[in-house]
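Asker: Quick one: sequence and predicted model below, then my questions.
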Amino acid sequence: MRLTNLDMDALRSFAAGIDAGSFARAADRLGRSTSAISAQLKKLEEQTGVLLVRRSGRGLALTDGGETLLSYARRLLDLNDEAMSALRGVELEGWIRFGLQEDFGETVLPRVLGRFARAHPKVRIEGRIGRNDDLVGRVASGRLDLALAWDSGDRPGITEEIARLPLCWLGPAEGDLPWTAGSGEPLPLAALEAPCLLRNVAFERLDGHGLSWRVAFVSPSLGGLWAATAAGLGIALRTPMGLPSSVRILDPASHGLPDLPALGLVLHTATTAPTTGGAELCRILAGALRETLSPDWMVAAEEEASPHPVSR
């Protein structure tokens, strides 16, 4: 039986289309025409003999065969990119200072740094988990080479918006909510310590909606915030990134809560010319983020409403 060699470019276009939620956006990202991307998808379907995607509303949905191929495609692309990175930078050495939000520690950090370390074992990475203002400030002052942070509007250095994610009201996965609309009681909030960008968004949205509120629980870390929310001590506001199973997303209309905007996810790079290692880490980080983020979370730049499934 003759074996078929899958086309790597076609696999990359296929994965990019699913990650972006549309092949038109994937075409922009890859610098190709939409018709070229569609032709590559057709080629993959001919090679595999399987229908890979179907239309679902304004987006794309994978068939069972598409789900299977996507899993293999990601692994093949990772190995391909890792091999090319190693060959291009076999003597790459140096030191990179990299910061990111706690939201991404469990999902992005292992994948990104693991891939980079395998390709460039001589590069030393100093990682830092921090709060948004601290990370942006460290990039601006030259104490970090690059950082992944929420878009607060403060963009010192060189920036690239990687994605836009919906903001969500969160409550316990089990049991009753700690607040009911129309009860006359102030809404209890669970929040991170100030200064916190998402804490301020919650205050502003509740004030704009005419709802009284009180800070019922304050935590210095996300772990404490998740525990308080799961215990029903307060309602929290975050993105879908890294949510534990102990909390659920609340539908604003069903619970008398204000609608929320989308929030940009930005990669900040110091204004000094990036080292070869820094540029390579940026490339790997951006790619891994796009692969990690669910297409259901992605929000087009002109949209404000959250498309993420919610609990009613």
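Answerer: Noted; the coordinates are in hand.
Asker: residues near the residue nearest to residue 128 when sequence neighbours are not counted, how many?
Answerer: Excluding the flanking residues, the one nearest residue 128 by Cβ to Cβ, 6 or more residues apart in numbering is residue 99, at 4.2 Å. All C-beta spots, glycine's among them, are computed from the backbone N, C-alpha and C. Using other Cβ atoms under 10 Å, residue 99 is surrounded by 23 other residues.
Asker: ditto for residue 37
Answerer: As a burial measure, residue 37 scores 26 neighbours (other Cβ under 10 Å).
Asker: Would you mind putting the CA coordinates of the helix or strand harbouring residue 254 into CSV?
Answerer: Assessed by DSSP states H and E, residue 254 sits inside helix 252-255. Only the C-alpha atoms of helix 252-255 are listed here, as CSV (Å, rounded to 0.1, in the frame of the first residue of the first chain):
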residue,chain,number,x,y,z
PRO,A,252,-25.6,38.4,31.7
ALA,A,253,-29.2,38.6,30.4
SER,A,254,-30.4,35.7,32.5
HIS,A,255,-28.8,37.0,35.7
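Asker: now it, how far from the centre of its chain.
Answerer: Centre-to-centre, helix 252-255 and its host chain are 25 Å apart (Cα atoms, centre = their mean, to the nearest Å).
Asker: try stretch 248-268
Answerer: That offset, for stretch 248-268, works out to 14 Å (Cα atoms, centre = their mean).
Asker: Mind checking the pLDDT average for that stretch?
Answerer: Averaging pLDDT along stretch 248-268 gives 92.
Asker: and it, how far apart are its ends?
Answerer: Taking Cα to Cα, to the nearest Å, stretch 248-268 runs 30 Å from one end to the other.
Asker: Over to stretch 45-56?
Answerer: 18 Å.
Asker: Over to stretch 43-53?
Answerer: 13 Å.
Asker: Stretch 113-132 too?
Answerer: Taking Cα to Cα, the first and last residues of stretch 113-132 lie 20 Å apart.
Asker: tell me which residues of it are tucked away?
Answerer: Buried residues in stretch 113-132, counted by 16 or more other Cβ atoms under 10 Å: 113, 115, 116, 119, 120, 123, 125, 130, 131, 132.
Asker: For residue 259, which non-adjacent residue is closest in space?
Answerer: Spatially, and ignoring its direct neighbours in sequence, residue 259 is nearest to residue 252 (5.3 Å; Cβ to Cβ, 6+ apart).
Asker: Show me what counts as buried in the helix or strand hosting residue 68.
Answerer: Assigned by DSSP H and E, residue 68 belongs to helix 64-88. Of the residues in helix 64-88, 66, 69, 70, 73, 76, 77, 78, 81, 82, 85 count as buried by neighbour count, 16+ other Cβ under 10 Å.
Asker: if we can go back for a sec, what distance do you get for the residue nearest to residue 259 to residue 99?
Answerer: 32 Å (Cβ to Cβ, to the nearest Å).
Asker: ditto for residue 219
Answerer: 20 Å.
Asker: pLDDT below threshold where in the protein?
Answerer: By pLDDT under 70, the low-scoring segments of the chain are 1, 57-59, 85-86, 88-93, 107-108, 154-157, 271-312.
Asker: Show me how it divides into domains.
Answerer: Here the domain parsing of the chain from the TED database is 8-88, 94-163+264-297, 168-260.
Asker: Reformat the ones you listed as TSV; add distance to residue 2.
Answerer: Shown next, in TSV, are the domains of the chain (distance: least, Cβ to Cβ, whole Å):
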stretch	distance to residue 2
domain 8-88	12
domain 94-163+264-297	31
domain 168-260	44
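Asker: What sits closest to residue 63 if chain neighbours are left out?
Answerer: residue 51 (5.3 Å).
Asker: swap in residue 55?
Answerer: Per Cβ to Cβ, 6+ apart, closest to residue 55 is residue 61, 7.4 Å.
Asker: Wasn't the one you found part of a helix?
Answerer: No. If the criterion is DSSP: H, G, I helix; E, B strand; the rest coil, then residue 61 is strand and not within a helix.
Asker: Determine the number of other residues adjacent to it.
Answerer: The burial count for residue 61: 13, using other Cβ under 10 Å.
Asker: bridging residues for it?
Answerer: residue 54 (DSSP bridges).
Asker: and it, how far is that from residue 9?
Answerer: Where residue 9 is concerned, residue 61 sits at a distance of 23 Å (Cβ to Cβ).
Asker: One more: residue 50?
Answerer: 19 Å.
Asker: and if you look at residue 39?
Answerer: Taken as Cβ to Cβ, the span from residue 39 to residue 9 is 11 Å.
Asker: Tell me which residues of the strand or helix carrying residue 27 come out buried.
Answerer: Per DSSP H and E: residue 27 is located in helix 23-30. The neighbour-count check on helix 23-30 (16+ other Cβ under 10 Å) flags 23, 25, 26, 27, 30 as buried.
Asker: Could you say whether residue 195 sits in a helix, a strand or coil?
Answerer: coil.
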